[in-house]
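[1] quick one: sequence and predicted model below, then my questions.
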Amino acid sequence: MIIAIDETGSFDESSNGLNLFIAVQLRQRKHLYRQKERQFMAWESSIDSSLKNPKGEIKTSRLSDDQLLDFARRVMISTPWVGITPIAVCPAQNPATVMEKYRQVMLRGIHEGEKWYREHGRPGPAQTYLEFGNWLKKLNYQQFMKVIVLSICIVDSFTNAVGHSISGRYDDELTRLRFKIDRDFIRGLPVERFWRELLRNGLYNRTLERPLPIPNTWKKRGHPFLKMYEKDDGTYDFNQLFTKHCSFGLSHEHFEIRISDGVNTIFSRYLNGGSCAPAYTLIRHSILRDGKIIQIVLGDSDLSEWRYDATNNQFGDLSDG
């Protein structure tokens, strides 16, 4: 399956609205994938050229509510069905002081990870973590907020993909799962490498807290997904997923990202102003898991009372070096 992710909103610390990262899940079997591509392209071609940029791409923020309703009908709820994982945040409810504490905890974990690699004679990963920490320090509020929300969106959309593919009996697609993420402010290979490290570690940590919904029958018969990602101790190593099957692409080159853009516009208009209600009503049933929109509010804490716990550091010995 393909999981495509885009975002909407300024993510500026003064924003009182809901800013969103939304993942859409598309089936990957060739005939289903091509069918969804044809549906989207047919809808896109119906939009007047005056609403398209020089590359022929539609920015759905320029469309009317009726045009977005047509998108919902012709693309989102037409067979094959498209799943949605929405993650929202109101920056004004996450003050810069709280965000900075959250960053300091992450930086401590990254520093300890760097130290561990150096002590164990692995200078490659150690240098990556050193540069990773320096990159994270330089992010402004808006960028750091995107780091957090995108990471959660990827982790939750992956978990949802596993669960829904099992219930829908298409779990054979899991071994071919691909992430396509709108490039946004990600520029250059070094930065992409840091993102992949962050996402891989975040998913590892999340699966410890909220285990993937793996059926016992998979272990008995040796499911291909487990052969790809499960380690001998029963935990998972998703290095391959984020180094080989996660790409940061340009939306005009990937129709899947443009589908996510349309969903983002519908959700943002409805949640922040009450408009686009007919389109939202149609596609809200496509929200995976429990059908709810997760809103991120980071809890405040007293860092003077916080103590580093090496056994709970997500930036530990997870790299292939």
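    Perfect, I can see it now.

[2] and the helices in the protein, which stretches?
    30-45, 65-71, 96-119, 123-138, 141-167, 189-209, 216-221, 224-229, 239-244, 255-273, 277-283 (DSSP state H).

[3] of all the ones you listed, which one is nearest Asp182?
    helix 255-273 (5.1 Å; CB to CB). C-beta coordinates here come from the backbone N, C-alpha and C atoms, glycine included.

[4] elements contacting that closest one?
    Helix 255-273 is packed against strand 2-8, strand 19-26, helix 30-45, helix 65-71, strand 83-89, strand 178-182, helix 277-283, with contacts defined by 3 or more CB pairs under 8 Å, 6 or more residues apart in numbering; DSSP states H and E.

[5] point out the most buried one among those.
    strand 19-26 (a mean of 26; mean count of other CB atoms under 10 Å).

[6] re earlier: could you dump the helices and strands packed on helix 255-273 to CSV with mean pLDDT?
    CSV is the format used below for the helices and strands packed on helix 255-273 (pLDDT from 0 to 100):
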stretch, mean pLDDT
strand 2-8, 96
strand 19-26, 97
helix 30-45, 95
helix 65-71, 97
strand 83-89, 97
strand 178-182, 92
helix 277-283, 98
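
[7] now do Arg193, the pLDDT please.
    Reading off the confidence values, Arg193 has pLDDT 73.

[8] skipping adjacent residues, who's closest to it in space?
    Once flanking residues are discounted, Arg193 sits nearest to Thr128: 6.8 Å by CB to CB, 6 or more residues apart in numbering.

[9] my read: Phe255 touches Trp43, true?
    No - Phe255 is not in contact with Trp43 according to CB atoms under 8 Å; the separation is 10.4 Å.

[10] quick one on the thing from earlier: number of residues surrounding the residue nearest to Arg193?
    21 (other CB atoms under 10 Å).

[11] ok, now Glu57?
    18.

[12] ok, the nearest residue in space to it that is not next to it in sequence - contacts?
    Distance criterion CB to CB, 6+ apart; nearest residue to Glu57, sequence neighbours excluded, is His252 at 4.2 Å. Counting by CB atoms under 8 Å, 6 or more residues apart in numbering, His252 touches Asn53, Lys55, Gly56, Glu57, Arg258.

[13] report the buried members of these.
    Among the contacts of His252, the ones that count as buried by 16 or more other CB atoms under 10 Å are Glu57, Arg258.

[14] next, format the contacts of His252 as JSON lines and append pLDDT.
    What follows is those, written out as JSON lines (pLDDT from 0 to 100):
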{"residue": "Asn53", "pLDDT": "79"}
{"residue": "Lys55", "pLDDT": "76"}
{"residue": "Gly56", "pLDDT": "75"}
{"residue": "Glu57", "pLDDT": "81"}
{"residue": "Arg258", "pLDDT": "95"}
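
[15] would CSV of the contacts of His252 with distance to Cys90 be doable?
    Formatted as CSV, the contacts of His252 follow (distance: CB to CB, whole Å):
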residue, distance to Cys90
Asn53, 30
Lys55, 32
Gly56, 34
Glu57, 29
Arg258, 26
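
[16] hmm, back to that, any idea how far Gln104 is from the residue nearest to Glu57?
    38 Å (CB to CB, to the nearest Å).

[17] circling back to that earlier point, distance to Val297 for the helices of the chain - can I get that in JSON lines?
    Output for the helices of the chain, formatted as JSON lines (distance: least, CB to CB, whole Å):
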{"stretch": "helix 30-45", "distance to Val297": "34"}
{"stretch": "helix 65-71", "distance to Val297": "28"}
{"stretch": "helix 96-119", "distance to Val297": "9"}
{"stretch": "helix 123-138", "distance to Val297": "21"}
{"stretch": "helix 141-167", "distance to Val297": "11"}
{"stretch": "helix 189-209", "distance to Val297": "17"}
{"stretch": "helix 216-221", "distance to Val297": "35"}
{"stretch": "helix 224-229", "distance to Val297": "31"}
{"stretch": "helix 239-244", "distance to Val297": "27"}
{"stretch": "helix 255-273", "distance to Val297": "15"}
{"stretch": "helix 277-283", "distance to Val297": "22"}
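
[18] for those helices, which one ends up most surrounded?
    Scoring the helices of the chain by mean count of other CB under 10 Å, the most buried comes out as helix 255-273, with a mean of 23.

[19] cool, thanks, signing off.
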